[in-house]
Structure formats: C-alpha cells, structure tokens
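# give me a model of this one.
(chains A and B)
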Amino acid sequence: MERYYQPEIECASREQIKAWQDERLVKQVRHVWDNVPYYRKKMEEKGLTPDDIQSSDDLHKLPFITKADLREAYPYGLVAKPLKDCVRIQSTSGTTGKRVVAFYTQHDIDLWEECCARAIMAAGGTDEDVCQVSYGYGLFTGGPGLNGGSHKVGCLTIPTSSGNTERQIMFIRDLNATILCCTPSYAAYIAETMKEMGLTPDQIPLKAGIFGAEAWSEEMRQDIQNTLGIKAYDIYGLTELSGPGVSFECSAQTGMHINEDHFIAEIIDPDTGEVLPEGSKGELVFTSITKEAFPLLRYRTRDICMLTREKCSCGRTHVKMCKPMGRSDDMLIIRGVNVFPSQIETVLLNHGYPANYQIIVDRVKSTDTLDVQVEMTPEMFTDNMGEIAKRQKELVDGLRSMLGLAAKVTLVAPKTIVRSEGKAVRVIDKRKI
Amino acid sequence: MSIKQISVFLENKPGSLYAMTGVLAQHKIDMRALSLAETSDFGIARVIVDDVYKTATVLKEAGFVNNITPVLGVAIPDVPGGLNKVLQILTDAKVNVEYMYAFLGGKDTEHAYMIFRVADESAAAAALAARGIQVVQQEEMEKL
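The predicted structure is shown next:
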C-alpha cells in the first residue's frame, strides 16, 4: 500500500497544483521585488515589474539566476528576510572557492523537512521505522534534511552521519534500522562490507534506502537492492533550493516526483535559455515559490534532465523528473560533494604550482576517488625528497579545505598531461555510471 | 671541494628510468654512480656523470626536470671498517648525512667511493681533512 505524508497535496489535481503555483509565484515575485535589491535590479533590466507576473504562465519572462549570481551576491545579496528571522544556514561549494550559503527561516526548515518526510513515506516509512541517517551532518544538507524528515514522519532516528562503516553496520544490526539514508556510493560500500562479513539479506533488518546527492546507475540500484534485500529510492535536491527532497522517488521507481507545491520546474535549452516543451531533454530550472529567506527564481541547476507528467502508478500527481543525465557545466559530483575544476586550479595557483594539472575521477569499490595530477616544474623540483613530500602534503591539505574532500596529489613528469589541440584535457572521469 | 650530482625527477612507473638512461646513452654520457630514492608515486634518480653540464642540458631538452646538487665524494680504502672510520669522523663533527650511496672505484680497484649529501659540506670536508681523508675533486671523479 502506497503511503503519503501529505496525500491531499501529493495527490492533488493538476488544476489545484497550478492554482497553488500561480498564487505562490505572484506572491514570491512581489516578495523578492520588495526585499531583494539584486532581484529588483535584474527585473528592471528586463523591464519587468511584479505586475507582469500574473500567473505561472508568465514565469518565462523572469530572468535566470545562476551560480555566478550567487557568487556575486555572496553572502547576503539574495537574502529576502531580515537575518533575525533566519535560523540556519547550509552551504555547498561554489565555482571558484566562494561557497554557496543558503539561508533558512524556521518556516523554510519546516517545509524542507516536510519534503524529506514525503520522500521517506514514499519509501514506505512510518513512525514504526528506525531510520539511520548516514549522510554527512553539518553544512552539507544531506544529514540535516533527512534527519528532519525522519522526525516529521516519527521514525526513530539514528543520526550516525557518514563514515565509520563498522559502527554504521553495528547500529543497523543492533538497533534494527529499517531505512538507510546516504549517498548511493556509501550504500554500496556498506552493502559490500556486510556481504564480506558473510551477512545475507535476511540477516539485514533494512527494508528501504533513500540514496541521493550523486549520480548512480540502474545497475548500481540492483546491486544494492540485492545485497541488502531492500528497495532503493532516489532523492534529488540542491542546497540552493533547500537540500534533498526537491524531488523523490515513489514505489514505481521510474523517476522522481518534484514537490510542485514548493518548486516550479522548467526545462530549457542551455544555449538559448528558451523553455522547451514537456518531454524534451534540456537543463532543469527551478523556481522556489514558498521559501522565505533564500528564494531563487528560475535557478539554473546545470543538470540535464527530462520531465514527464504521465500518470504515475503511485497515485501522486506531481511532475516526475528522470535521473539527471549530465551537466551543462563542468561540475563533478564526487562522493556527494560538488567539485569544480576551477576550484582545484585556484588551490594549485595559490600554492605556487602552474595550472598544468589533470583531474582523474574513478570509482574504486563503490567509492569515488579524486586524483589530482600536477606536472613537476624546475621551480618546484628539489633534490630533497622530504621537501617535495611536504609540498605535496600542503597541496592535499589545501584541496581538502577548499573542496571538503580528500584528494590524492600525484606529481607527474613535465608534458605528460595529455593535450588535445594544444588544450589540456582537465578532467578524466573513469566512473561508469 | 664538492662534486656535482645531477638529481632527476622520475615518475614511479615502468619505463621512467629506462627513458632517462636512454637519453644518457644516446649522448654517450658515462655514469660514475647512480642512486634511486622513491615514494609510491615519484622518485629521484641521483647520478654522478663524466660531463655534468652536458647531462643537465640534454636531460632538460628531453623533458626531464633536474637540478645540480653539491655532494661530497670520498675515496675509502676497500677494506673492512673503511666506511665506519669515515662515519666516525662525521659523527664526531656532528655532521648529519641526508643520504649517501657507494660505488666501486672503476679503474681504481683499491678504493670504494662514497657519495655523501650533508647539510654543511665545508664542515664535513674540513673534518675529514683534519683526520687525513681527502674528498674527491670533480675532475678526479670525471676521470675515474
């Protein structure tokens, strides 16, 4: 039996959803016009006033917001509420080292957690479940979002955060965790470890998993499902919009329902910005129509995606998006962390290295690896092994603090980084997703 | 008083050293001594050659990052306790040896040669001289 957290919303008629979107968008546009000079200026540049937006049909008139805008407006430029009304920030990495900082009022947190609660119930969760949240807690939205959603559903929540796999498995077994929330690669790692321990699916209490924050394939889903004896559900979100729970999978496992009462989704041509008809492949753009503190209008996610309004067997009426099929920029998602090659370049330059580098991403035993290869130069070279190793370590530390991720640094011989047509190939992604 | 060693950056992977020795062979450079130090992903080849500047140039042209490092060469009688005696002197003079390697004397069968990389070469050379051990000069080394 399909379970819903808010059935009257999740299964509302299309007309009702459109009515909510019309009303909320008009209100949201007025809210940003009144409170965010940055938006007002962008709208004025296009000759728009709030009166031009009478319903969601007028959405296409509004200017886009991009990561570059977030960087320019950092940290407070897009905040639409007085800071005294804000209760939380979450953060993700930006393109060149400046982080994206998103603000939340209590209302925003509640709505975000409700979205996560919908995802947990769509995965079959109830207040009888024990939900282990093995996403990272902290600035990353994964842990806090699912933690809040789990509370809203009434699950007994185990906030293990990520890492310490032995302890994760101990809690799953000793406290009979039935739902596991983490990145798909970590789920695969936990599954492999349990398999190596000789555990069979019937000895593992888990029944469902909610896995997101990075790309994963249908084959990976099957592997995780078979090894753990669970159903594995995808979840999607962005810190810029709230976090996980912008969309989530239902029992049909054929796409993620976008919470359309909070977000309006569009698919655009990434080159022209033109809105494409339903079913087209293009860049996913979101407008948050209920967020108070950090409302983004027409935010370009850079995720390449498709939308479908085909009737879903689960009974939900909200539009479904497919798994993102790629990016329209060069962002990499490594162990759930957003990484831009430009960030790595910034660290290299800051440490006095030339921008001769190559990023090699791979997936070893279900865990993403990041290897930054740097060409040795006469200036960097010394006969002192310890000195070279020390500089190498400084670079590793610099990358960790910039990316929030452990990277390996390999020094390679000059001119060994492959150049095609004179331009270095910066990223080699060997992962088969 | 010190002699010139060429230190070459090499990736720690099959064929790296071969590529370097290939360049030396091609330019008919004669190696007196060779030592390798390595981590898991890179290494440094340290060589004493018959023509330092030519070697540095041809390696650079072939794309090998390298530099010239001053080291001490010491001829040690090839008998038991020979090295021990030299180390005793350096120890007494509180000279720290960063690394060292040995080679036999080529045409000179009486001696083994040690290459020392120390923090303070003149202090080391002076300490050795005071106890009757002469360091090898560059020209001597090239002729060995």
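
# who's in contact with stretch A:392-412?
The contact list for stretch A:392-412, computed with C-beta atoms under 8 Å, 6 or more residues apart in numbering or on different chains, reads A:93, A:97, A:139-140, A:334-335, A:337, A:339, A:343-344, A:346-348, A:350-351, A:353, A:369-376, A:388, B:9, B:11, B:41-42. Every residue, glycine included, has its C-beta placed from N, CA and C.

# repeat that for 7 Å
A:93, A:97, A:334-335, A:337, A:339, A:343-344, A:346-347, A:350-351, A:370-376, B:11, B:41-42 (C-beta atoms under 7 Å, 6 or more residues apart in numbering or on different chains).

# neighbours of the closest residue to chain B within chain A, how many?
Among all residues of chain A, A:Asp383 sits closest to chain B, at 3.9 Å; criterion: C-beta to the nearest C-beta. Using other C-beta atoms under 10 Å in any protein chain shown, A:Asp383 is surrounded by 23 other residues.

# just B:Ala130 next, same as before
Residues within reach of B:Ala130, counting by other C-beta under 10 Å, total 11.

# hang on, the earlier thing: per-residue pLDDT, the residue of chain A closest to chain B?
According to the prediction, A:Asp383 has pLDDT 92.

# distance of it relative to B:Lys60?
The gap separating A:Asp383 from B:Lys60 is 15 Å, by C-beta to C-beta, to the nearest Å.

# contact partners for residue 113?
You didn't pick a chain, so chain A it is. Counted by C-beta under 7 Å, 6+ apart, A:Glu113 has contacts A:148-149, A:152.

# that's the wrong chain, I wanted chain B
B:73-75, B:102-103, B:105, B:136.

# who in chain A is up against chain B?
Contact residues (C-beta under 7 Å from any C-beta of the partner chain) of chain A with chain B: A:376-378, A:381, A:383, A:385, A:389, A:410-415.

# give me the residues contacting stretch A:2-15.
With contacts defined as C-beta under 7 Å, 6+ apart, stretch A:2-15 is touched by A:114, A:117-118, A:121, A:124, A:126, A:153, A:251, A:261, A:314-318.

# counting neighbours, which of those residues comes out on top?
A:Arg118 (28 neighbours).

# just the element for that one, please.
helix A:106-122 (DSSP states H and E).

# now do the buried residues in that helix.
By 16 or more other C-beta atoms under 10 Å in any protein chain shown, the buried positions in helix A:106-122 come out as A:108-109, A:111-122.

# if we can go back for a sec, of the contacts of stretch A:392-412, grab the buried ones for ChimeraX.
Applying 16+ other C-beta under 10 Å to the contacts of stretch A:392-412, the buried members can be selected in ChimeraX as follows:
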select /A:93,97,334,335,337,339,343,344,346,347,351,370,371,372,373,374,375,376 /B:11,41,42
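
# mind listing which of the contacts of stretch A:392-412 are in strands?
Judged by DSSP state E, those include A:334, A:337, A:339, A:370-375, B:11, B:42 as members of strands.

# farthest pair within the residues you listed?
Spanning the widest gap among those are A:Val337 and B:Glu11, at 28.1 Å by C-beta to C-beta.

# against which helices or strands is the longest strand along chain B packed?
The longest strand of chain B (DSSP E) is strand B:66-77. Other elements packing on strand B:66-77 under the criterion 3 or more C-beta pairs under 7 Å, 6 or more residues apart in numbering or on different chains; DSSP states H and E are strand B:3-11, helix B:52-61, helix B:82-92, strand B:111-118, helix B:121-130.

# any chance of the ones you listed in a markdown table with mean pLDDT and distance to A:Ala215 as columns?
Shown next, in a markdown table, are the helices and strands packed on strand B:66-77 (pLDDT from 0 to 100; distance: least, C-beta to C-beta, whole Å):
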| stretch | mean pLDDT | distance to A:Ala215 |
| --- | --- | --- |
| strand B:3-11 | 94 | 31 |
| helix B:52-61 | 94 | 44 |
| helix B:82-92 | 92 | 59 |
| strand B:111-118 | 90 | 50 |
| helix B:121-130 | 90 | 57 |
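
# so which of the ones you listed is the most packed in?
Highest mean neighbour count of those: strand B:3-11, a mean of 23 (counted as mean count of other C-beta atoms under 10 Å in any protein chain shown).

# for that one, which helices and strands make contact with it?
Counting contacts by 3+ C-beta pairs under 7 Å, 6+ apart, strand B:3-11 packs against helix B:16-26, strand B:42-49, helix B:52-61, strand B:66-77, helix B:138-143.

# ok so, going back, nearest to A:Ala19, of the helices and strands packed on strand B:66-77?
strand B:3-11 (64.1 Å).

# quick revisit: ok, of the contacts of B:Tyr113, which come out buried?
For these, buried by 16+ other C-beta under 10 Å: B:73-75, B:103, B:136.

# now the nearest residue to B:Asp120 once chain neighbours are set aside. Its backbone dihedrals?
Using C-beta to C-beta, 6 or more residues apart in numbering or on different chains and skipping the chain neighbours, the partner closest in space to B:Asp120 is B:Val95 (6.4 Å). Dihedral angles of B:Val95 (phi, psi; degrees, to the nearest 10) stand at phi -100, psi 130.

# any idea how far B:Val95 lies from chain A?
Remark: distance between B:Val95 and chain A (C-beta to the nearest C-beta, to the nearest Å) = 17 Å.

# who's in contact with that residue?
Counted by C-beta under 7 Å, 6+ apart, B:Val95 has contacts B:118, B:120, B:123-124, B:127.

# got the contact list for A:Leu25?
Going by C-beta under 7 Å, 6+ apart, A:Leu25 touches A:53, A:56, A:59, A:264, A:287, A:289.

# does it count as helix, strand or coil?
A:Leu25 falls in the helix class when you classify it by DSSP: H, G, I helix; E, B strand; the rest coil.

# quick check: bridge partners of B:Gln5?
Assessed by DSSP bridges, B:Gln5 has beta-bridge partners B:Thr69.

# contact partners for it?
B:46-48, B:69, B:71, B:115.

# also A:Ala265?
A:Ala265 makes contact with A:258, A:284, A:286, A:307, A:319, A:321, according to C-beta under 7 Å, 6+ apart.
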